[in-house]
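Peer 1: dropping the sequence and predicted coords here.
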Number of protein chains: 2
Amino acid sequence: MGLFMSSNQVIKALKKGLGSSKVFYSQEYLLTYAYDATGSEYAVPPDVVVFPQGEEDVAAVLAVARRYKVPVTPRGAGVGYSGGSIPVRGGIALVFTKMNRILQVDEDNLLAVVEPGVVTHDLQQEVEKRGLFYPVDPASLKTSTIGGNVAENAGGPRCFKYGVTANYVLALEAYLITGEKVVSGSYVIKDVAGYNLKSLLVGSEGTLAVITRITLKLLPRPQCRILARLDFDSLSRGTRFVHRVIRGNLGPSVLEFMDQSAITAVCQYLELPLEPEIKASFLVEIDGNPLDVKERKERLLSMVADEGVITWQMAENELDQDKLWHLRRNISPAIARLRPRKINEDIVVPISKIPDAVSHITELARQSDILVSLFGHIGDGNIHTNLMVDPEDKDELARADVLLEKIFRYVVQIKGSITGEHGVGLTKQDYLPLQFKHGEVELFRRIKKAFDPDNLLNPGKMYAHRGD
Amino acid sequence: MGLFMSSNQVIKALKKGLGSSKVFYSQEYLLTYAYDATGSEYAVPPDVVVFPQGEEDVAAVLAVARRYKVPVTPRGAGVGYSGGSIPVRGGIALVFTKMNRILQVDEDNLLAVVEPGVVTHDLQQEVEKRGLFYPVDPASLKTSTIGGNVAENAGGPRCFKYGVTANYVLALEAYLITGEKVVSGSYVIKDVAGYNLKSLLVGSEGTLAVITRITLKLLPRPQCRILARLDFDSLSRGTRFVHRVIRGNLGPSVLEFMDQSAITAVCQYLELPLEPEIKASFLVEIDGNPLDVKERKERLLSMVADEGVITWQMAENELDQDKLWHLRRNISPAIARLRPRKINEDIVVPISKIPDAVSHITELARQSDILVSLFGHIGDGNIHTNLMVDPEDKDELARADVLLEKIFRYVVQIKGSITGEHGVGLTKQDYLPLQFKHGEVELFRRIKKAFDPDNLLNPGKMYAHRGD
């Protein structure tokens, strides 16, 4: 074990800098922190695992890394889908799960100050107690950390109305591998002093700096919320409906869809009945002040009557809404049963292209003889594209690879993105040049050098070639 | 005239690259493009003025600049308040006012694609015709360009609810001085592929790249809007009122305030009566669906009855609303009459600190014997802080300088920002280190070098020392 000749020296220096209670290098630790949610195919163990408990610990780790030229890979809960937190060059896994204090919830200024290891859902519960709201809701919110959310610029269903993580980051404190601390942003939503470092750090996948403190904007909590499930006999009819909802100022907070294969799989999995003519199923959430929600609900229902919805359900209380969300949340486990492995992509297409994109991808999948299941956030065009394969079937894997590249090329061509939530990390780095065809990747490398001249922070990710 | 020995060669090369109809160097052009809204104190003429009409013109200009090592300063309408578009090192003024086409308004995907020279208000009118909405409303919107708005990350009154320019930039196309084109972003609101170049370019004041095309997110147009003026006998009572409005889910789109000196000046200027006990005046706008606006208006009025508002007016139609905005918009000319020169700052403080900040600044001003007038965006803490001076009075100017530094130090100490809308440019570069005390300015320089190794793009701005 140990990619570095100097492992022992590094461990000794870390223990000296942080105290031995925060430094671990037994097999079980190295194995545990070799993984994220991409599974065993991408796993690489670090040489040592460190749990910082404050910014001074982070500064000490970076000083050791700098001195011994050892890679450092920061991570939160490790529930990412792109391998972003895997220490592919070994070195130090810098795990933030114990640096998890909510330092301040400022009701007067509608903001929270947190350490990176705070679990997203814990923050949400804490602020909701005080009548406030942190809307960003990645599927993994009960385990994912705010630091991980910031590093990947996490989204979720509510981001259609409320925006992604980047829209809530007021300020960041971070340490550079070169030793300097940087602070970007303030307690205010308008701040144009200097370059916008914080927006560059959000979504930079831990490759530029190590974030030690995050200030997040909060909103007043919406007082009321309804959730409808609407079933259609075609996806394009459903998409037209969604467009009318948006243009009609119904202000939905969530617009989710499941294609026929997803809705079929989840109904089988949960042993629920499903009308055979249903080809697509949608969830529409509306939140706000009670009277306003009531008025928009009535307009939604009149549109339902107009637009040939096959079946629908309206959930007005939390219990009924949880049942509908239960359906949505069980798509992943349901389709996971279809084949041994799920290649989980998160392409984004302009919303007007969704029906075309779904038909096109379904047809490409048919031609490649690969089972594909599509669901996701129709309001913002973010389609979770799941290629279901058997890793033992090398021919199937090769066909899936070819299909994936075709899908990414198509997405870029219609001005979408190869990733809306998961990030590039390891799994999408081969496809990054499809989206960035001009001088961008070269510029990414120059920016990286400005922050991290020796390529020690989460090396081998995003714009790096696999062999770099 | 001409800071560069090679001026004639440069002009010849520009004419060859672009055609002579786009290249100007007569005195009247050089004088015109020496200025922005900061006035004559900061004016510096360029050596040549170029009006590109497409990205190929921009690429040609940058090639000439690169070859002859001549500075290039991009500019829009030149209505900025920080000297950001002044060509302080001479060279080429790259004026975008003729590259002003609205290339696309995509109603299906709620976006617009524009050239940088499009006037903000022209875009707003064009999209509103189609039931859409571009909410960013800098005071200069009838002359300012979208390119300038992006370069400075412009805000405005509606940004309290709707966010600043950065929140609407879906994609940017830009040219680097090194010759490469870069494209960042897409037609979708969720895109986490690669570093977030577009967010770094927004607000970079033309120092990193020259933007040639901008894709902006649009919203459905709100159907209804009301505007109230509320007068209080103290600013802190007004601020408490505003806090109740925010926390009560009244969802205001605008929250503006004027202190006693501002409201007094504007009422005198417009020859309007003013009750002597009025110490602060507020504007509250609520927009949305008609029934919802009606419900929130009723709640606002019940709060007005509770909270000791001295006088109030409710404007429900556009004409009456224009009258109230007329009052707000005339503050600047009204206070400009108080003294020959207005030093126009745009500090931001956390909203809970506004009453303290206003008292503190007023007291500092009294001690310095400088007339100060305060107004601005109370919802986001952005206080337009106007120091009224006579430039002939050197002692007064010196006292104003000392006062200004005290104000900036105070603002930074309470976690605000030295600039919320205007940018750093020339006028605030001496104060930038007050806000960035760690490794940030050094990092700004390294980032600059990654984009512009020879310091040719808008040199001498933001983090540059005056003598750099």
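Peer 2: Now that the structure is in, tell me what you want to look at. Residues are numbered from 1 along each chain as shown, chains lettered A, B, ... in the order given.
Peer 1: show me the strands in the stretch 1-150 of chain A, by range?
Peer 2: Counting by DSSP state E, counting those that start in this stretch, one finds strands in the stretch 1-150 of chain A at the ranges A:23-24, A:48-50, A:72-75, A:92-95, A:102-106, A:111-114, A:132-133.
Peer 1: contacts for stretch A:346-357, please.
Peer 2: Stretch A:346-357 is contacted from outside by A:81, A:235-236, A:239, A:242-243, A:376, A:378-385, A:407-408, A:410-411, A:414-422, B:106, B:108-110, B:186-188, B:190-191, using Cβ atoms under 8 Å, 6 or more residues apart in numbering or on different chains. For every residue, glycine as well, the C-beta is placed using N, CA and C.
Peer 1: first vs last residue of it, how far apart are they?
Peer 2: By Cα to Cα, to the nearest Å, the extent of stretch A:346-357 from end to end equals 13 Å.
Peer 1: can you list the buried residues in that stretch?
Peer 2: Buried residues in stretch A:346-357, counting neighbours by 16 or more other Cβ atoms under 10 Å in any protein chain shown, are found at A:346, A:347, A:348, A:349, A:350, A:351, A:352, A:353, A:354, A:355, A:357.
Peer 1: which of those scores worst on pLDDT?
Peer 2: Note: of the buried residues of stretch A:346-357, the lowest pLDDT belongs to residue A:355, at 84.
Peer 1: and the next helix or strand past the helix or strand that one falls within?
Peer 2: Under the criterion of DSSP states H and E, residue A:355 resides in helix A:354-368. Next along the chain after helix A:354-368, taking DSSP H and E as the criterion, comes strand A:371-377.
Peer 1: partners of that following strand, with directions?
Peer 2: Strand pairing for strand A:371-377, determined by DSSP bridges: strand A:254-259 (antiparallel), strand A:382-389 (antiparallel).
Peer 1: that strand to helix A:354-368, inter-axis angle?
Peer 2: On the basis of axes from the mean of the first three to the mean of the last three Cα atoms, to 10 degrees, strand A:371-377 is oriented at 160 degrees to helix A:354-368.
Peer 1: returning to what we had before: mind putting the strands paired with strand A:371-377 into JSON lines with mean pLDDT?
Peer 2: Below are the strands paired with strand A:371-377 laid out as JSON lines (pLDDT from 0 to 100):
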{"stretch": "strand A:254-259", "mean pLDDT": "93"}
{"stretch": "strand A:382-389", "mean pLDDT": "95"}
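Peer 1: compile these into a markdown table and extend it with columns for distance to residue B:201.
Peer 2: Below are those laid out as a markdown table (distance: least, Cβ to Cβ, whole Å):
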| stretch | distance to residue B:201 |
| --- | --- |
| strand A:254-259 | 30 |
| strand A:382-389 | 24 |
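Peer 1: in JSON lines, list these along with distance to residue A:21 and mean neighbour count.
Peer 2: Below are those laid out as JSON lines (distance: least, Cβ to Cβ, whole Å; neighbours: other Cβ atoms under 10 Å in any protein chain shown):
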{"stretch": "strand A:254-259", "distance to residue A:21": "43", "mean neighbour count": "26"}
{"stretch": "strand A:382-389", "distance to residue A:21": "41", "mean neighbour count": "25"}
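Peer 1: what's the closest of the ones you listed to residue A:56?
Peer 2: Using Cβ to Cβ as the measure, strand A:382-389 is the one of these that comes nearest residue A:56, at 38.9 Å.
Peer 1: near chain B, anything from stretch A:444-460?
Peer 2: Yes: Stretch A:444-460 lies within reach of chain B by Cβ under 8 Å from any Cβ of the partner chain, at A:444, A:446, A:447, A:449, A:450, A:451.
Peer 1: show the contacting residues for the residue of the stretch 101-250 of chain A found nearest chain B.
Peer 2: Proximity of the stretch 101-250 of chain A to chain B (Cβ to the nearest Cβ) peaks at residue A:180, 2.5 Å away. Neighbouring residues of residue A:180 by Cβ under 8 Å, 6+ apart: B:438, B:439, B:442, B:443.
Peer 1: quick one: buried ones out of those residues?
Peer 2: Buried residues within these, counting neighbours by 16+ other Cβ under 10 Å: B:438, B:439, B:443.
Peer 1: residue A:268: how many residues sit nearby?
Peer 2: The number of residues packed near residue A:268 is 13, by other Cβ atoms under 10 Å in any protein chain shown.
Peer 1: for it, what are its contacts?
Peer 2: Contacts of residue A:268 (Cβ under 8 Å, 6+ apart): residue A:334.
Peer 1: figure out the helix or strand that it lives in.
Peer 2: Using DSSP H and E, residue A:268 sits in helix A:260-269.
Peer 1: okay, that helix in CSV with CA atoms only?
Peer 2: Provided in CSV are the C-alpha atoms of helix A:260-269 (Å, rounded to 0.1, in the frame of the first residue of the first chain):
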residue,chain,number,x,y,z
GLN,A,260,-42.4,4.8,-19.9
SER,A,261,-39.5,2.5,-18.9
ALA,A,262,-38.9,4.4,-15.6
ILE,A,263,-42.6,4.6,-14.6
THR,A,264,-43.1,0.9,-15.5
ALA,A,265,-40.0,-0.2,-13.6
VAL,A,266,-41.0,1.7,-10.4
CYS,A,267,-44.6,0.6,-10.5
GLN,A,268,-43.5,-3.0,-10.8
TYR,A,269,-40.9,-2.5,-8.0
